[in-house]
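Q: Coordinates for the following, if possible.
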Amino acid sequence: MAGGWKGKKSTNAEIDRRVRLAAEKITEGYEMGWIRRHLAELTGCSERNAERYIDRARKLIQERWSDVDRKEMASTILSKLDLIYQRSLEHRQYSASQAALASQAKIIGIDSPKGL
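A: Down below sits the predicted model:
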C-alpha cells in the first residue's frame with residue numbers, strides 16, 4: 001500500500017489530549033518547531049498531524065481570551081502587579097518592583113508623556 005494510510009485513527013479523547021498538550025507548550029513559550037517534534041515523538045503521530053493539533057491549540061487559546069472583559073482583566077492584572085511590587089520591596093528586589101510599576105503604568109496608559 002504505497003503512500004496509503006498506515007496507522008489507526010486517533011480517538012477524540014486522544015486528539016483532545018494532544019491539543020491541550022500543544023496549548024500548554026504554546027503557553028509555556030516553546031518554539032513551534034519544537035512543539036511539533038515533541039508531539040510527534042511523544043504521541044507517535046506525524047509532524048503534519050502535530051501541526052494540525054498546534055493549529056487547534058492556537059484557536060483554543062484564542063477562544064479562551066475572546067470574551068474577556070478588558071476592564072476586569074486590567075484590574076486583576078493591576079492587583080497582581082501591586083502584590084508583586086509590595087513583595088519585591090519587602091525582599092529588596094528593587095528591579096522587580098520597578099518592573100511591576102512600569103507594567104502598571106503601561107496598562108493604565110501613563111507610561112509616556114502623552115499619557116500624563
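
Q: In space, what's closest to the most centrally placed residue in the chain - neighbours in sequence excluded?
A: Nearest to the geometric centre of the chain sits Thr27, at 2.4 Å (C-alpha atoms, centre = their mean). Nearest residue to Thr27, sequence neighbours excluded (C-beta to C-beta, 6 or more residues apart in numbering): Ile61, at 6.9 Å. Where you see a C-beta, it was placed from the backbone N, CA and C, and this is true even at glycine.

Q: Sticking with that neighbour, tell me its helix or strand.
A: Using DSSP states H and E, Ile61 sits within helix 47-66.

Q: Now for the residue nearest to Thr27: which residues touch it?
A: 23, 26-27 (C-beta atoms under 8 Å, 6 or more residues apart in numbering).

Q: same check, this time on Asp55
A: Counted by C-beta under 8 Å, 6+ apart, Asp55 has zero contacts.

Q: low-confidence ranges in this structure?
A: Across the chain, residues meeting the criterion (pLDDT under 70) sit at 1-7, 115-116.

Q: can you list the domain ranges for it.
A: Following automatic domain parsing, one gets these domains for the chain: 12-66, 70-115.

Q: among the ones you listed, which is the most enclosed?
A: domain 12-66 (a mean of 15; mean count of other C-beta atoms under 10 Å).

Q: At which residues are the helices of the chain located?
A: 12-27, 32-43, 47-66, 70-90, 94-108 (DSSP state H).

Q: how far does the third one sit from the chain's center?
A: The reference is to helix 47-66. Centroid displacement of helix 47-66 relative to its chain, using C-alpha atoms, centre = their mean, to the nearest Å, is 11 Å.

Q: likewise the longest one?
A: Going by C-alpha atoms, centre = their mean, the spacing between the C-alpha centre of helix 70-90 and its chain's C-alpha centre is 19 Å.
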